[in-house]
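A.B. asks: any chance you could fold what I've pasted below:
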Amino acid sequence: MQPNVLSNYESAKQQYAKHGIDVDQALDKLQNIKISMHCWQGDDVRGFLNRGQDLTGGISVTGNYPGAATTPDELRADLEKAFSLIPGKHKVNLHAIYADTDEKVELDRLEPKHFQRWVDWAKEQGLGMDFNPTCFSHEKSKDGFTLSHPDEDIRRFWIDHCKASRKIGAYIGEQLGQTCVTNVWVPDGFKDTPVDRLAPRQRLKASLDEVFAEELNPAHNLDAVESKLFGIGSEAYVVGSHEFYMGYGIANNKLICLDAGHFHPTEVISNKLSSLSLFADGILLHVSRPMRWDSDHVVTLDDELIDIGRELVRGELLGKTHIGLDFFDASINRVAAWVIGTRNTIKALLRGMLDPVDALKKAELEGDYTTRLALTEEFKSYPFGAVWDYYCEKMGVPVREDWLADVKAYEREVLSQRGN
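C.D. replies: Residues are numbered from 1 along each chain as shown. Next up, the predicted model:
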């Protein structure tokens, strides 16, 4: 270990200990938190089942940085490189279109065998996995409706796909010995103002009821539902709104997914966590950065990300919250995007753990808002960076920006050779 990293850490520990903060204990806790890193950053949400399909569902990836993965093996290699630069053991979040199979198969006929190579790889890497049905970029989703479609045959296709996805998720969870979260998001909505807002939601509810009808072992699979405010092509009305899914999730004991980019520009999901935790069995987070609505920029250590980390720690919500990432940027090195976003998310959690939470709560309860404000502000300049450096060194990953040299070398030796 570098001498300055250890000495800086020991000094930081002493400063935090004055406020009753056990830094070693915080790092032990942090080591057990798994971030679900999304595979679709690596290939611009293209997948492998229906390659060549245009992106639909309000999804748009901009940029043409060289080196996007075009095969499952390339994508897994890129994920391995990213994970080698991120402290801790985590999870991979997989969409159904990333099936690794030599067989031509439709979405509604997918089986666990089509993901066996992913499962075997995850076992070798010591990783968990999460899963998602892919209800976009398909001939039967091009008019903007899936589970709420008025055509019963199209609706049936998507119901069968989501049912198949749950079984795949359960298989993944059983095989890996880590619970798989299977998250259902659909892009359904109208570009212009609808006359009937109720009927599509009635159809969506009925479809979901059928999708979730089969009981699966919650140790293997947990179901989640994800809302959205609006999308490209569904600016006026989205069937699966926040209110719809909050009601559905609470009534049916499903995880409720809060995506940082799926709300009004002035809303933040950090302020929703405490309320939702009182009524929902569990929460799924999709951590993103909506610079202009759902633009899915790479996660930076901004105020909202820090507040998300603080809320999870202060409310003791980490035990019931599943944290995943959701962004896609093709204008920069895609491996670097994963590393930056995931390391920042872990940093935000560590920042929350290194706040004097007990002292702040005590001051607030006693009406001592002066102390509350003073401590909050002073702790912004406490030596968090020294603790983070030590954690990275301890976990065997590069300290600070040293990881960038590894990514640049990987770009020269691997990514630049792909010719895309």
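A.B. asks: need the contact list for residue 242.
C.D. replies: 227, 229, 262, 263 (Cβ atoms under 8 Å, 6 or more residues apart in numbering). Backbone N, C-alpha and C define where each C-beta goes, glycine included.
A.B. asks: quick one: which of those has the most company?
C.D. replies: Using other Cβ atoms under 10 Å as the neighbour criterion, residue 262 leads those with 26 neighbours.
A.B. asks: isn't that one right up against residue 294?
C.D. replies: Yes: using Cβ atoms under 8 Å, residue 262 makes contact with residue 294 at a distance of 6.1 Å.
A.B. asks: centre of the chain to the lengthiest helix in the chain, how far?
C.D. replies: When the chain is parsed with DSSP state H, its longest helix is helix 152-176. A distance of 20 Å separates the C-alpha centroid of helix 152-176 from that of its chain, computed with Cα atoms, centre = their mean, to the nearest Å.
A.B. asks: and the helix or strand following it, what does it pack onto?
C.D. replies: Counting by DSSP states H and E, the next helix or strand C-terminal to helix 152-176 is strand 180-184. Here strand 180-184 touches strand 128-132, helix 152-176, strand 221-226, strand 255-259, strand 321-325, going by 3 or more Cβ pairs under 8 Å, 6 or more residues apart in numbering; DSSP states H and E.
A.B. asks: try it again at 6 Å.
C.D. replies: In terms of contacts (3 or more Cβ pairs under 6 Å, 6 or more residues apart in numbering; DSSP states H and E), strand 180-184 is packed against strand 128-132, helix 152-176, strand 221-226.
A.B. asks: just tell me which of the ones you listed ends up closest to residue 356.
C.D. replies: strand 128-132 (32.3 Å; Cβ to Cβ).
A.B. asks: name the residues that touch that closest one?
C.D. replies: Outside strand 128-132, the residues that touch it by Cβ atoms under 6 Å, 6 or more residues apart in numbering are 36, 91-95, 122, 168-169, 172, 176, 178, 180-183.
A.B. asks: picking up where we left off before, mind listing what's buried in the longest helix of the chain?
C.D. replies: Buried residues in helix 152-176, counting neighbours by 16 or more other Cβ atoms under 10 Å, are found at 154-155, 157-176.
A.B. asks: over to stretch 328-336?
C.D. replies: 328, 329, 330, 333, 334, 335, 336.
A.B. asks: which of those sits closest to residue 391?
C.D. replies: Checking the buried residues of stretch 328-336 one by one against residue 391 (Cβ to Cβ), the nearest turns out to be residue 336, at 20.1 Å.
A.B. asks: show me the helices in the stretch 301-420 of the chain, by range?
C.D. replies: 303-314, 334-353, 357-365, 369-378, 384-394, 403-413 (DSSP state H, counting those that start in this stretch).
A.B. asks: in JSON lines, list those along with distance to residue 288.
C.D. replies: Conversion of these to JSON lines gives the following (distance: least, Cβ to Cβ, whole Å):
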{"stretch": "helix 303-314", "distance to residue 288": "10"}
{"stretch": "helix 334-353", "distance to residue 288": "9"}
{"stretch": "helix 357-365", "distance to residue 288": "26"}
{"stretch": "helix 369-378", "distance to residue 288": "26"}
{"stretch": "helix 384-394", "distance to residue 288": "22"}
{"stretch": "helix 403-413", "distance to residue 288": "21"}
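A.B. asks: which one of those helices is the most hemmed in?
C.D. replies: Stretch with highest mean neighbour count among the helices of the stretch 301-420 of the chain: helix 334-353 (a mean of 24; mean count of other Cβ atoms under 10 Å).
A.B. asks: helices or strands next to that helix in the packing?
C.D. replies: So helix 334-353, by 3+ Cβ pairs under 6 Å, 6+ apart, packs with strand 35-38, helix 72-83, helix 303-314, helix 403-413.
A.B. asks: tell me which of the ones you listed sits nearest to residue 5.
C.D. replies: Using Cβ to Cβ, the helices and strands packed on helix 334-353 put helix 403-413 closest to residue 5, at 14.8 Å.
A.B. asks: one step back: and the angle from the longest helix of the chain to strand 180-184?
C.D. replies: Angle between the axes of helix 152-176 and strand 180-184 is 170 degrees (criterion: axes from the mean of the first three to the mean of the last three Cα atoms, to 10 degrees).
A.B. asks: list the contacts for residue 19?
C.D. replies: Going by Cβ under 6 Å, 6+ apart, residue 19 touches residue 356.
A.B. asks: ok so, going back, list the ones among the contacts of residue 242 that fall in helices.
C.D. replies: Counting by DSSP H, these contribute nothing to helices.
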